[in-house]
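> Just the structure for this:
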Amino acid sequence: MKPHAATVSAVYVVKELIPKLNAVEKHIEQAISVVISTSQLPAEIERYTKLQAAFQLELAMIRMNLEHLLKRYCHELEAAMNDPRQDVLLTLDQHESVAADSARVLYLRVQAFQTEEAL
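Purely as a prediction, here's the structure:
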């Protein structure tokens with residue numbers, strides 16, 4: 001028996017997933033760059049440089065697999081972007097599903113971090 005395939009709506013991809021991923025990328029890159037450029041402690045600079053590399057690797061994996069999704073469903077995504085009433089469910093392969101889940105988790109982690117900073 002084949003495992004249940006993950007699905008996601010086209011509107012969610014173009015209106016939520018991609019914009020949130022872009023926002024997360026920008027926020028994390030800026031935050032890490034500020035720490036690296038302003039820190040006087042070599043250990044802290046090294047720690048954040050490694051963190052930046054790990055983040056960039058994770059983001060590259062997410063983007064590579066989401067790019068595959070965008071190519072496979074380009075017509076459906078374009079239609080949904082132009083008219084949300086043309087929304088359809090997209091079936092994700094295993095790698096696309098992991099990428100979408102990773103993007104969601106990354107967004108939630110950044111949101112939690114921002115909330116902690118505000119407190």
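> what packs against the one helix or strand residue 67 maps to?
Element membership for residue 67, per DSSP states H and E: helix 42-72. Helix 42-72 sits against helix 18-38, helix 94-118, with contacts defined as 3 or more CB pairs under 8 Å, 6 or more residues apart in numbering; DSSP states H and E. Yep, even glycine has a C-beta here, placed from its N, CA and C like the rest.
> Pull out the buried residues from the following helix or strand past it.
Note on helix 42-72: by DSSP H and E, the next helix or strand toward the C-terminus is helix 74-82. Neighbour counts over helix 74-82 (16 or more other CB atoms under 10 Å) mark 76, 77, 79, 80 as buried.
> residues of the helix or strand following helix 74-82 that come out buried?
Going down the chain from helix 74-82, the next helix or strand is strand 89-91, by DSSP H and E. Of the residues in strand 89-91, residue 90 count as buried by neighbour count, 16+ other CB under 10 Å.
> circling back: off-centre distance for the helix holding residue 67?
10 Å (CA atoms, centre = their mean, to the nearest Å).
> just the buried residues of helix 74-82 now: which is nearest residue 109?
residue 77 (25.8 Å; CB to CB).
> Which pLDDT does the model give that closest one?
Residue 77 is assigned a pLDDT of 97 by the prediction.
> which residues touch it?
10, 13, 14, 70, 90 (CB atoms under 8 Å, 6 or more residues apart in numbering).
> circling back: kindly calculate the angle that the helix holding residue 67 makes with helix 94-118.
140 degrees (axes from the mean of the first three to the mean of the last three CA atoms, to 10 degrees).
> quick one: average pLDDT of helix 42-72?
Here the average pLDDT along helix 42-72 is 93.
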